[in-house]
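K.L.:
give me coordinates for this.
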Amino acid sequence: MFSRAVKPVVTVAIQNGAKNFSTSPEMLFKVMVAGAAGGIGQPLSLLLKQNPLVSNLALYDLAPVTPGVAVDLSHMDTPAKVEGFQGADKLDSAVKGADVVVIPAGVPRKPGMTRDDLFNTNASIVRDLAECVARNSPKAIVAIITNPVNSMVPIASEVLKKAGVYDPNRVLGVTTLDVVRACSFIGTINGVDPRSVSIPVIGGHSGVTIIPLLSQANPKPKISDQGKIEALTKRIQEAGTEVVKAKAGGGSATLSMAWAGARLTNAILRGLNGESNVVECAYVKSDLTEATYFANPLVFGKGGVAKNLGYGKLNAYEQALLKAAIPELKKNIAVGEKFVNK
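P.N.:
Here you go, the predicted model:
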């Protein structure tokens, strides 16, 4: 495993756009990005190269351009060392010794496609990557971006269970993009810096399973009409389709997803580094509802998820959204588990 040097320096960590200064010793970690040459992987790797908690950045992809992406990033004047791994025979080397494995690998959505349409191809990718993590870095925290996230996290979990190395606190789905979008939209409505907005988004990461708790937003959106509240909720739920349509067949959300993935990875690293009270929403194994996986605010620590904060009090409208989401979540989860256990 790569050495985790300790540097007694002042570090700057970024969460929700706010700078948080820490004078505690800084541990450095290896982060592996699977799918690093793709539309999400490249900007995600660019952002991670700037993170002061990353000492080693391992970029893996099947694409021939992968070594070149690594060389390109290595010319940046930030300390993290970058190495590219191209081809299936290099996967084990890329994963070995990783503290965090971020998975944006998979095929993107195209016009007319739902996240469920992506399932067959992406399920095989996540399964194979989870098997590799089990062999080479069983203690790594696995953050899954690959869609449909609602099904991919159960797939990775079942694979790790079969390998005897499963820790529910170390496997999570990246739903941060729903939070980022909600903050952006509320910031526009209120005429404030979106980085000053906080809002929990619970449930899952597709359609009706995305539940923005507008009643718990701070500041609350300056809309009181129920119709406008429902419209904003719907926009957050369907924001991915908004991007797909706007790109006119040219792809799905990549840049904003990379930003959101880097934000969650930063929270994970800050937790690993021993920082207290690091909170982000993510999709994890859960007993909060009838759905066995669920997204809500979590505290991150040295072992991954340190505490589940639940989702607080819901108003009547949000309770109805939760009721509608649970059957869809349960179906998505069952599909993922069946894929591994069939």
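K.L.:
low-confidence stretches in the stretch 101-250 of the chain?
P.N.:
Within the stretch 101-250 of the chain, the stretches with pLDDT under 70 are 108-116.
K.L.:
in it, which spans are strands?
P.N.:
141-144, 171-173, 201-203, 210-212 (DSSP state E, counting those that start in this stretch).
K.L.:
pairing partners for the last one, with directions?
P.N.:
It refers to strand 210-212. Take DSSP bridges as the rule and strand 210-212 pairs in its sheet with strand 201-203 (antiparallel).
K.L.:
repeat for the longest one
P.N.:
Looking at strand 141-144 with DSSP bridges, its partner strands are strand 100-103 (parallel), strand 171-173 (parallel).
K.L.:
next one: that strand to chain centre, how far?
P.N.:
Here the centre of strand 141-144 is set off from its chain's centre by 7 Å, with CA atoms, centre = their mean, to the nearest Å.
K.L.:
report the buried residues of it.
P.N.:
Within strand 141-144, the residues that count as buried by 16 or more other CB atoms under 10 Å are 141-144. (Each C-beta comes from the backbone N, C-alpha and C, glycine too.)
K.L.:
cool, and stretch 320-337?
P.N.:
Going by neighbour count (16+ other CB under 10 Å), the buried part of stretch 320-337 is 321-322, 325-326, 328-330, 332-333, 335-337.
K.L.:
list the contacts of that stretch.
P.N.:
Outside stretch 320-337, the residues within contact range by CB atoms under 8 Å, 6 or more residues apart in numbering are 116, 119, 123, 148, 150-155, 158, 202-204, 206-211, 233, 289-294, 314.
K.L.:
at 6 Å what do you get?
P.N.:
150-151, 154-155, 158, 203-204, 208-209, 211, 289-293 (CB atoms under 6 Å, 6 or more residues apart in numbering).
K.L.:
from the residues you listed, which would you call buried?
P.N.:
150-151, 154-155, 158, 203-204, 208-209, 211, 289, 291-293.
K.L.:
closest one of the contacts of stretch 320-337 to residue 48?
P.N.:
Nearest to residue 48 out of those is residue 155 (CB to CB; 23.9 Å).
K.L.:
any idea how far apart the tips of stretch 230-244 sit?
P.N.:
22 Å (CA to CA, to the nearest Å).
K.L.:
starting at the chain centroid, how far to it?
P.N.:
The answer for stretch 230-244 is 18 Å, by CA atoms, centre = their mean.
K.L.:
report the buried residues of stretch 57-73.
P.N.:
By 16+ other CB under 10 Å, the buried positions in stretch 57-73 come out as 57-61, 63, 66-67, 69-70, 73.
K.L.:
output those as TSV; include the columns distance to residue 83.
P.N.:
Listed next are the buried residues of stretch 57-73 as TSV, based on distance: CB to CB, whole Å:
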residue	distance to residue 83
57	7
58	6
59	7
60	10
61	13
63	15
66	10
67	9
69	11
70	6
73	10
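K.L.:
which pair of these spans the longest distance?
P.N.:
57 and 63 (16.7 Å).
K.L.:
check the offset of the longest helix out of those in the chain from the chain's centre.
P.N.:
In the chain, taking DSSP state H as the definition, the longest helix is helix 316-341. Between the centre of helix 316-341 and the centre of its chain there are 19 Å (CA atoms, centre = their mean).
K.L.:
for the record, mean pLDDT for it?
P.N.:
Mean pLDDT, computed over helix 316-341, is 97.
K.L.:
use 51 as the first number from now on
P.N.:
Got it, the first residue is 51 from now on, which makes the last one we talked about helix 366-391.
K.L.:
and the buried residues of stretch 107-123, which of them are in strands?
P.N.:
Those of the buried residues of stretch 107-123 mapping onto strands are 107-111, per DSSP state E.
K.L.:
which one is residue 220 nearest to, not counting chain neighbours?
P.N.:
Excluding its sequence neighbours, the residue lying closest to residue 220 (CB to CB, 6 or more residues apart in numbering) is residue 354, at 4.2 Å.
K.L.:
no, scratch that, I was asking about residue 212
P.N.:
Leaving aside its sequence neighbours, residue 212 sits nearest to residue 390 (CB to CB, 6+ apart; 7.3 Å).
K.L.:
now, which of the buried ones among the contacts of stretch 370-387 sits nearest residue 319?
P.N.:
Taking the buried ones among the contacts of stretch 370-387 together and measuring to residue 319 by CB to CB, the closest member is residue 343, at 22.9 Å.
K.L.:
which residues does the closest one form beta bridges with?
P.N.:
In this entry, residue 343 is beta-bridged to residue 335, by DSSP bridges.
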